[in-house]
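> pasted the sequence and its predicted model underneath.
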Amino acid sequence: MDYYCFISYDNFVPDLLMKKINLGITGCMGRMGQQIIKSVRNDKNFKITALTENSVINKKIYGVKITKNTLESLKNTNLIIDFTVPKCTFEILKFASILKKRVVIGTTGFTKKDEDLIKKYSRKIPILKAGNMSLGINLLMYLTEITSSSLGKNFLSKIFEMHHKHKKDYPSGTALMLGQGIARGKNKNFYGLIGKKYLNKKNFPYGNKINFNSIRKGEIIGEHEVKFSSGKEIITLNHEAFDRTLYSEGALTAAKWLMNKKAGLYSMRDLMNFK
């Protein structure tokens with residue numbers, strides 16, 4: 001028997017805000033930047049006041065000129081959504097901390113040192129960071145943690161993920177999130193549990209540590225799978241994305257939620273009120 005869970009973004013934010021959020025979007029010409037701009041059209045809570053790219057483009061979108069990241073270009077924003085690369089993210093965090101702006105980070109590919117630096121910035125400004133803005137994926141991470149905790153030491157685990165051929169980093173930020181869920185369930189340090197990282201392998205093994213396999217092909221939006229095996233049985237948790245809007249809508253939900261928060265580092269787990 002199949003069971004389906006329907007999740008609404010409206011359940012996680014207050015009623016319509018009294019005042020529009022002045023929004024800055026970095027990497028505005030990228031895949032997610034363009035998708036967020038489209039989603040803003042259907043959300044009356046936002047007004048785009050800044051669009052940035054790493055190179056100057058003589059173009060306007062909805063009357064907003066595309067510029068580089070500067071204090072001047074970001075000063076009229078209330079919040080910045082960043083789906084770029086780590087180097088750009090830290091440039092944004094530097095400006096945001098000076099201007100006291102909130103930041104939603106969807107960028108992936110951070111090192112442990114990078115993660116520690118983001119925590120330092122969060123002492124000054126509210127930051128919500130997630131390797132995946134999908135509510136369904138964040139529910140999957142929560143279920144992964146519960147499963148890992150419940151199964152104990154007799155089960156080994158591995159993580160499989162598929163993305164489009166343009167995605168450069170691997171494992172994906174989402175796959176690493178799921179790995180963190182496994183580690184949290186075992187009450188262990190995630191970085192000590194990272195095993196082998198495979199790329200485009202048909203099959204890959206379980207291990208005493210968490211092994212990852214990443215497939216990059218076509219225009220696949222995203223598929224993630226967590227497997228637990230005792231050698232006698234296998235438990236599989238998976239999520240498949242069919243529409244990129246679920247990421248942009250999740251980012252806008254995170255932005256609205258973050259507007260009422262004090263300085264600190266938050267995640268979609270906090271937004272969804274998982275204990």
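Looks like it arrived, so ask away. Residues are numbered from 1 along each chain as shown.
> only C-alpha atoms for contact and neighbour calcs from this point on.
OK.
> residues in contact with Pro205?
Pro205 makes contact with Lys158, Asn211, according to CA atoms under 8 Å, 6 or more residues apart in numbering.
> how near is it to Phe212?
According to CA to CA, to the nearest Å, Pro205 and Phe212 sit 9 Å apart.
> overlap in contacts, those two.
Lys158.
> what bridges to Thr104?
That one is not Thr; residue 104 is Val. Judged by DSSP bridges, the bridge partners of Val104 are Ile81, Leu128.
> tell me the contacts of it?
Leu79, Ile80, Ile81, Asp82, Ile127, Leu128, Lys129, Ala251, Ala254, Ala255.
> can you check Ile37 too?
Ile25, Cys28.
> how near is Phe90 to Met268?
20 Å.
> look at the two and report which has more neighbours.
Neighbour tally, Phe90 and Met268, criterion other CA atoms under 10 Å: the higher count belongs to Met268, 25 against 15.
> hmm, the more buried one is touching Leu252, no?
No: if you go by CA atoms under 8 Å, Met268 and Leu252 don't touch, sitting 11.8 Å apart.
> could you find the closest non-adjacent residue to Ile234?
Counting by CA to CA, 6 or more residues apart in numbering, Ile234 lies nearest to Phe228, which is 5.6 Å off, once chain neighbours are set aside.
> can I get the CA coordinates of the strand or helix carrying Met162 in PDB?
Assigning secondary structure by DSSP states H and E places Met162 in strand 156-163. Extracted C-alpha coordinates of strand 156-163, given in PDB (Å, rounded to 0.1, in the frame of the first residue of the first chain):
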ATOM      1  CA  LEU A 156      25.400   0.000   7.200                       C
ATOM      2  CA  SER A 157      24.300   2.900   5.000                       C
ATOM      3  CA  LYS A 158      25.000   4.600   1.700                       C
ATOM      4  CA  ILE A 159      23.700   7.600  -0.300                       C
ATOM      5  CA  PHE A 160      22.900   7.800  -4.000                       C
ATOM      6  CA  GLU A 161      22.000  11.100  -5.800                       C
ATOM      7  CA  MET A 162      21.300  12.200  -9.400                       C
ATOM      8  CA  HIS A 163      21.500  15.700 -10.900                       C
END
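> what element comes up after it heading to the C-terminus?
Next along the chain from strand 156-163, counting by DSSP H and E, comes helix 173-186.
> what is that next one packed up against?
helix 135-151, strand 156-163, strand 222-229 (3 or more CA pairs under 8 Å, 6 or more residues apart in numbering; DSSP states H and E).
> report the mean confidence score over that helix.
Mean pLDDT, helix 173-186: 93.
> repeat for stretch 157-165
Mean predicted lDDT for stretch 157-165 stands at 95.
> how about it: buried residues?
Ser157, Lys158, Ile159, Phe160, Glu161, Met162, His163 (16 or more other CA atoms under 10 Å).
> give the bridge partners for the third one, please.
Per DSSP bridges, the residues bridged to Ile159 are Phe212, Val226.
> you'd agree it is up against Asn213?
Yes: using CA under 8 Å, Ile159 is in contact with Asn213, at 6.5 Å.
> using JSON lines, lay out the helices and strands packed on helix 173-186 together with distance to Gln180.
Shown next, in JSON lines, are those (distance: least, CA to CA, whole Å):
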{"stretch": "helix 135-151", "distance to Gln180": "8"}
{"stretch": "strand 156-163", "distance to Gln180": "11"}
{"stretch": "strand 222-229", "distance to Gln180": "12"}
